[in-house]
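>>> fold the following and give me the result.
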Amino acid sequence: AASAERAASLCLIAECQDRRGNRDAAEKAWERAALEEGGLREPWLRLAALRSQRGDFAGAVACGERALAVRARPPLPEADGNCTWAKNALLYWNLFWLGRRAEAERHWEICRSLAPPDAAVNAHARLFGRQPRA
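Presented below is the predicted three-dimensional model:
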């Protein structure tokens, strides 16, 4: 799948731009990758993370939902987290800050059940009026 290879190359370009501090160029490359190959979660998750860091919680949720909508097995290997818990982690955090707490809690529960043990995810139990696991 040539489109998947082009999208993966664009993700690498975006990663390089991001590491150099060129966030605008990284964002454009991730957007191009997402449009090039709709079966990859990576560009959507990276866009969601970038938008969350910028305080664009609605934009982050939109990208996270696009990643969540990718149902098929990706055409190229992706990180395990991309296919399991990462999308829910981005969604719960950004939905929480948008005041959509019931949706956020649902995604937090999914994230907590799928993610490897993570201190931050555990500590976020308090966001939903729960006690962190011991």
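>>> going forward, measure contacts between C-alpha atoms and count neighbours the same way
Noted.
>>> and the residue positioned nearest the centre of the chain, what does it touch?
Most central in the chain under Cα atoms, centre = their mean is Leu45, positioned 3.0 Å from the mean C-alpha point. Residues near Leu45 by Cα atoms under 8 Å, 6 or more residues apart in numbering: 63-64, 67, 82, 86-87, 90.
>>> switch the cut-off to 10 Å
30, 34, 51, 60-61, 63-68, 82, 86-87, 90-91 (Cα atoms under 10 Å, 6 or more residues apart in numbering).
>>> packing partners for the helix of greatest length in the chain?
Determined from DSSP state H, the single longest helix within the chain is helix 2-19. Contacts defined by 3 or more Cα pairs under 10 Å, 6 or more residues apart in numbering; DSSP states H and E place helix 2-19 against helix 23-36, helix 42-53.
>>> now render the ones you listed as TSV, adding distance to Val121.
Shown next, in TSV, are the helices and strands packed on helix 2-19 (distance: least, Cα to Cα, whole Å):
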stretch	distance to Val121
helix 23-36	26
helix 42-53	16
